[in-house]
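In: Next come a sequence and a model predicted from it.
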Amino acid sequence: MTDDRSLKSLTAKEFHAAKGTRFRVSGGPPEGSLPDSFEVDLVDVAEYPERAEGTFRAPFSVVFHGPLNPVLPQGIYRLEQERLGALDLFIVPIGPDEPEAPGAAAKAMRYEAAFG
C-alpha cells in the first residue's frame, strides 16, 4: 500500500487501470455507522471532454458498486486499493444498479466520486 495520494494528481487513466478491482472503505460522517468491513468495486470511469483553462486534466468521475445495505450517506471516506493507495474521496450514493432483466432485483448500490 502506498502513502496517501493527492487528489490533484489523480487521472482517469489511473482509475481505468484499477477498473474491476476492490477498494476497502473506512471513515465517513460521524453519524454514519460504517460496518467493520465495507468494500466497493470500481465499475466505471467516465471522462468528460471539457477542461478548465489552466488545469492539467479533463474532468472525470468514477462509479463504485457496494452492498445494497447499509447505504452510506454522502461524505468523505477513505478508500484504499493496492495500486492507488489511500484516497480520501467525497462519494455520493446515486442509487441501485440497473437490474439485469425486467422484474429482477438490483444487486448493488452505486456510489460516485467526481474529479474536476
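Out: Good, I have the coordinates. Predicted, not measured: the structure shown is a model, and the values here were computed from it. Numbering: from 1, shown residues only.
In: which ones are touching the residue lying closest to Val25 once chain neighbours are set aside?
Out: Closest residue to Val25 apart from its sequence neighbours, by C-beta to C-beta, 6 or more residues apart in numbering: Phe38 at 4.5 Å. In this view, the C-beta of every residue, glycine as well, is placed from N, C-alpha and C. Going by C-beta atoms under 8 Å, 6 or more residues apart in numbering, Phe38 touches 24-26, 66-67, 72.
In: Pull up the per-residue confidence for Phe38.
Out: Note for Phe38: predicted pLDDT of 89.
In: Next secondary structure element downstream of the biggest strand by length in the chain?
Out: What stands out as the longest strand in the chain, according to DSSP state E, is strand 85-96. Where DSSP states H and E defines the elements, the next helix or strand beyond strand 85-96 is strand 109-115.
In: what are the pairing partners of that following strand, and which direction each?
Out: Strand pairing for strand 109-115, using DSSP bridges, gives strand 60-66 (antiparallel), strand 85-96 (antiparallel).
In: Would you mark the buried spots in the last one?
Out: So that's strand 85-96. 86-87, 89, 91 (16 or more other C-beta atoms under 10 Å).
In: avg pLDDT for that strand?
Out: The average pLDDT within strand 85-96 is 95.
In: from the chain's centre, how far out does that strand sit?
Out: 4 Å (C-alpha atoms, centre = their mean, to the nearest Å).
In: which outside residues touch that strand?
Out: 1-5, 7, 10, 27, 63-64, 68, 71-81, 106-113.
In: what's across from the most centrally placed residue in the chain in the sheet?
Out: By C-alpha atoms, centre = their mean, the mean C-alpha position of the chain lies nearest to Phe64, the distance being 4.6 Å. For Phe64, the beta-bridge partners under DSSP bridges are Leu42, Tyr111.
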